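Asks: coordinates for the following, if possible.
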Amino acid sequence: MLRLCVYIRAQAMKRKHSIRTRMTVIFSLVLTAALIACLLVNTFFLENYYIRNKQTSLKETYEYLDSASAAERLTDEDFVDELNDICEANTISLFVMGADGKAMLTTVRDSAELQRELYEYVLGAESDNVRILEENDHYQVSVTADSPGGGYLKIVGTLDQGEIFAIRTAVEPLRESVQLANQFLVYVGCIVLVIGSFIIYLVSRKISEPILEAARLSERMSGLDFSVKFSEGKDEELELLGRNMNRLSEALERTISELKTANNELQRDIEQKDQTDRMRKEFLSNVSHELKTPIALIQGYAEGLQECVNDDAESREFYCDVIMDEAGRMNRLVKNLMTLNELEFGDEDMVMERFDLAGMIHTMLQAMQILFEQKGVWLVFNAPEPVYAWGNEFKIEQVLNNYISNALNHVDGDKTIKITLERREGHVRTGVFNTGKPIPEEDIERIWDKFYKVDKARTREYGGSGVGLSIVKAIMESIHQRYGAVNYENGVEFWFELDDGN
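Replies: From the prediction side, this is the model:
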């Protein structure tokens, strides 16, 4: 299967590169040929086009000048202004000489050279470097190359009223112009090639996409992935292939889905069994650990009594007290475990009722007053009016008893325990704060686990089993309410919330 997948992927990449490479080469050759054709046209035809364009400008100026001569307007101020604008726009130099040989009109300050060219034209003594482009009864158009770098295009002749004129314009160095134009074409061609490459990519992608899509679909199917479907193709053959592959994909997907469902159920059963075994082993280990010490103490002191290690009544009484304390510890542990088991497995119906939470706390604190006095604890609780809440009164009393007992066992420093009731957006929040050492942050989330103890020595000292907060967790989750613990600089607060009963 792996070899097939690799082979299909390689073939798809080969087709992809082959199609796109061929199209890129073809379009690039077409664009390159077009660029070369433009360069050749510039080289061989730009000069003639340039000359014809200049020649047209000169002839238009001549016609305008001839029409003015016929209307005898050559010396009119308006005409002269318009003529100067035309000559300036087309970089034309102009000189008109009357039949008497005097200058009538000129657009240049130094007209000696134009006048000389008129004399050469009249006398037929033009130089050898003149190439005649057009000639008739009225004018002659020619090109002169006065210097290696350039020359002039000029038109000389006679106007309607017999005036002799000379019009010329500078011809830029054609070779330099062609080179500049070709350079410009190269720049433009590069831009066109870049844009053309992008267009080629889009076109080739459009053409090759149906084929590549079929290749990708087959590749995904070979990897047991049937989420992708073949889209509708424009060609009948590709459309038929796509429909058949989609049907095959759906059939395989159904089969694989059924197999995966059965496998997931089997896996879940195995995981549940493993989790149950792990919880059972963990529970037995924790219970064994918690019962090992009191059983050993009971056994040891009972053997001491049996063997009459101490004959005095005071020693025997001490031995009996130890045995009774450890038996009581074991009894409390078993009761807590039974309570926790009932809560976790939902064996007990949770009856919700409205009760006075403040009154409950007052009653509990009065019953535990002697414990606060023995510990030297300063108790703070102020709730002058009833505070009603919704919950199971007996279970909430267990939660409060665990919180207050936990506070009594860990109070230190100023030896202050503060109980608060606070209404918050439809809830009543109860907090039990005691001064003392804060809980390490890494242990905050774990204190709710069964048998977890932050300070094992101190927990053993006051007879704790590590189950009390687990009972709180089970009770609060059974009524779907929030609970938690918060560290402060001088102590710890345990809290829980109930729905407001007011």
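Asks: so the nearest residue to Trp448 once chain neighbours are set aside: helix, strand or coil?
Replies: The shortest distance from Trp448 to any non-neighbouring residue, by CB to CB, 6 or more residues apart in numbering, is to Lys473 (4.4 Å). (Glycine included, C-beta is placed from N, CA and C.) Of the three states, Lys473 takes helix under DSSP: H, G, I helix; E, B strand; the rest coil.
Asks: any idea of the pLDDT on Lys473?
Replies: We note a pLDDT of 87 for Lys473 in this prediction.
Asks: got it, and Glu232?
Replies: 57.
Asks: now do the residue nearest to Trp448 against Leu58, distance only.
Replies: 105 Å (CB to CB, to the nearest Å).
Asks: same question, Glu445
Replies: 97 Å.
Asks: more neighbours: which of these two?
Replies: Leu58 (20 against 11; other CB atoms under 10 Å).
Asks: the more buried one: which element?
Replies: In this assignment (DSSP states H and E), Leu58 forms part of helix 2-70.
Asks: quick check: next helix or strand after that helix?
Replies: Scanning forward in sequence from helix 2-70 by DSSP H and E, the next helix or strand is helix 77-89.
Asks: helix, strand, or coil at Leu421?
Replies: Going by three-state DSSP: Leu421 is strand.
Asks: the residue nearest to Trp448 reaches Ile447, doesn't it?
Replies: No. Assessed by CB atoms under 8 Å, Lys473 is found out of contact with Ile447, at 9.4 Å.
Asks: now do Glu393: how many residues are near it, please.
Replies: Glu393 has 15 neighbouring residues, counting by other CB under 10 Å.
Asks: which ones are touching it?
Replies: Glu393 makes contact with 353, 355, 360 under the criterion CB atoms under 8 Å, 6 or more residues apart in numbering.
Asks: mind doing that once more with 10 Å?
Replies: By CB atoms under 10 Å, 6 or more residues apart in numbering, the contact set of Glu393 is 351-357, 360.
Asks: state the distance from it to Thr430.
Replies: 13 Å.
Asks: which neighbours do these two have in common?
Replies: Shared contacts of Glu393 and Thr430, counting by CB under 10 Å, 6+ apart, come down to 357, 360.
Asks: name the SS class of Thr169, please.
Replies: Once three-state DSSP is applied, Thr169 turns out strand.
Asks: give me the pLDDT for Gly242.
Replies: At Gly242, pLDDT is 68.
Asks: circling back to that earlier point, tell me how far the residue nearest to Trp448 lies from Leu159.
Replies: For Lys473, the distance to Leu159 - CB to CB - is 117 Å.
Asks: show the contacting residues for Glu422.
Replies: 387, 428-431, 495, 497.
Asks: now these in a markdown table, please, with extra columns for pLDDT.
Replies: Converted to a markdown table, those look like this (pLDDT from 0 to 100):
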| residue | pLDDT |
| --- | --- |
| Val387 | 90 |
| Val428 | 93 |
| Arg429 | 93 |
| Thr430 | 93 |
| Gly431 | 94 |
| Trp495 | 94 |
| Glu497 | 94 |
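Asks: so which of those is the most crowded?
Replies: Thr430 (25 neighbours).
Asks: need phi/psi at that residue.
Replies: Main-chain torsions, Thr430, degrees, to the nearest 10: phi -110, psi 130.
Asks: show me the strands in the stretch 351-500 of the chain, by range?
Replies: 353-356, 378-380, 388-391, 416-424, 427-435, 483-488, 491-500 (DSSP state E, counting those that start in this stretch).
Asks: between those strands, which gets nearest to Asp78?
Replies: strand 416-424 (95.6 Å; CB to CB).
Asks: partner strands of the closest one, with direction?
Replies: Counting by DSSP bridges, the strands paired with strand 416-424 are strand 378-380 (parallel), strand 427-435 (antiparallel).
Asks: distance to Leu408 added to the contacts of Glu422, as CSV?
Replies: Converted to CSV, those look like this (distance: CB to CB, whole Å):
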residue, distance to Leu408
Val387, 23
Val428, 23
Arg429, 21
Thr430, 17
Gly431, 16
Trp495, 17
Glu497, 23
